Each structure stands twice: as C-alpha cells, then as structure tokens.
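K.L.:
Turn this into a model:
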Amino acid sequence: MKIREIQVHRLIGGTVDGGWPEGHQPEDDLHALVEVIAEDGRTGVGSVFTNSALVLAGVETLRQHWQDESAVEPERVSEKLRQSCFWQGRGGTLEHVISGIDIALWDLFGKITDQPVHNLLG
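P.N.:
From the prediction side, this is the model:
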C-alpha cells in the first residue's frame, strides 16, 4: 500500500485551560496536524508544533521523497526523509515536519495492521 497524499491542517484556538505561554494568542498559528493518506483512503495523523505554512512548505519540499512510498514501512520512509534533507540542515522546520509525518505513518500502519502503535513499537 502506498502513500497517496499528505495534507496539513492548521490548528488554532484556546487550550483546554484557556492558557497560552506569554506572548501568544489563541489565534496564533503555532501548531499543525499532518495527515498521511494511503491509496485505499485510510489515514494517519501526526502533530507538529510549527506554523502550518512552514509545515506545508516542508511537506512540499519533501514530496518527491514520500510520494508513492510504502505506507507500511514507517521506519524506512522516515529515515529516507531524514537522509534526503541532510544537506538542507538537520533540525528546524524540516525535522519537525518529518517527525509529524513519522507519527502519522505509525498511526496509519497501526490502522492497516489493526494493532495499537505501542505494540508496533515494541
């Protein structure tokens, strides 16, 4: 099964307790969800604590490395993404985006195999 698409969803709004760190407002774009969609329509979701525009740019930058990749090999795909951006600098936005994709791939893999992620991770 292959990865068909990755979508980025902006998260804004107040927190459960209504609080934000000083200097941030509920309408600030600080957090995004990454949704990995497999060719059969199943999805996995990961969280990225980075501005959604930056996450979208990262997903697009990495597109050639994730598009049509296996949806059931999260470790290999995540490592491929990390290796592909080595010369663009480790850390920062791209590493945040890869982490969100990695979380989403594990979520998707759990759904495909009908297992909780904690079992898959060992």
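
K.L.:
ends of stretch 60-73, how far apart?
P.N.:
20 Å (C-alpha to C-alpha, to the nearest Å).

K.L.:
for the record, mean pLDDT for that stretch?
P.N.:
Averaging pLDDT along stretch 60-73 gives 97.

K.L.:
burial count for the residue lying closest to residue 65 once chain neighbours are set aside?
P.N.:
Nearest residue to residue 65, sequence neighbours excluded (C-beta to C-beta, 6 or more residues apart in numbering): residue 84, at 4.5 Å. Any C-beta I mention is one placed from the backbone N, CA and C, and that applies to glycine too. Look at residue 84: counted by other C-beta atoms under 10 Å, it has 16 neighbours.

K.L.:
Ok, residue 113 next?
P.N.:
Residue 113, neighbours per other C-beta under 10 Å, totals 12.

K.L.:
what's the spacing between it and residue 106?
P.N.:
11 Å (C-beta to C-beta, to the nearest Å).

K.L.:
And the strands in this structure?
P.N.:
With DSSP state E as the criterion, the chain has strands at 3-11, 31-38, 43-48.

K.L.:
What are the boundaries of the helices in this structure?
P.N.:
For the chain, applying DSSP state H gives helices covering 52-66, 74-84, 92-113, 117-121.

K.L.:
Tell me which of those helices sits nearest to residue 28.
P.N.:
Among the helices of the chain, the nearest to residue 28 by C-beta to C-beta is helix 52-66 (10.9 Å).

K.L.:
Would you mark the buried spots in that closest one?
P.N.:
Neighbour counts over helix 52-66 (16 or more other C-beta atoms under 10 Å) mark 52, 54-56, 58-59, 62, 66 as buried.

K.L.:
do stretch 88-101 as well
P.N.:
For stretch 88-101, a neighbour-count test (16+ other C-beta under 10 Å) marks 93-101 as buried.

K.L.:
Among those, give me the pair with the biggest separation.
P.N.:
Pairwise distances across the buried residues of stretch 88-101 (C-beta to C-beta) peak at 12.6 Å, for the pair 93 and 101.
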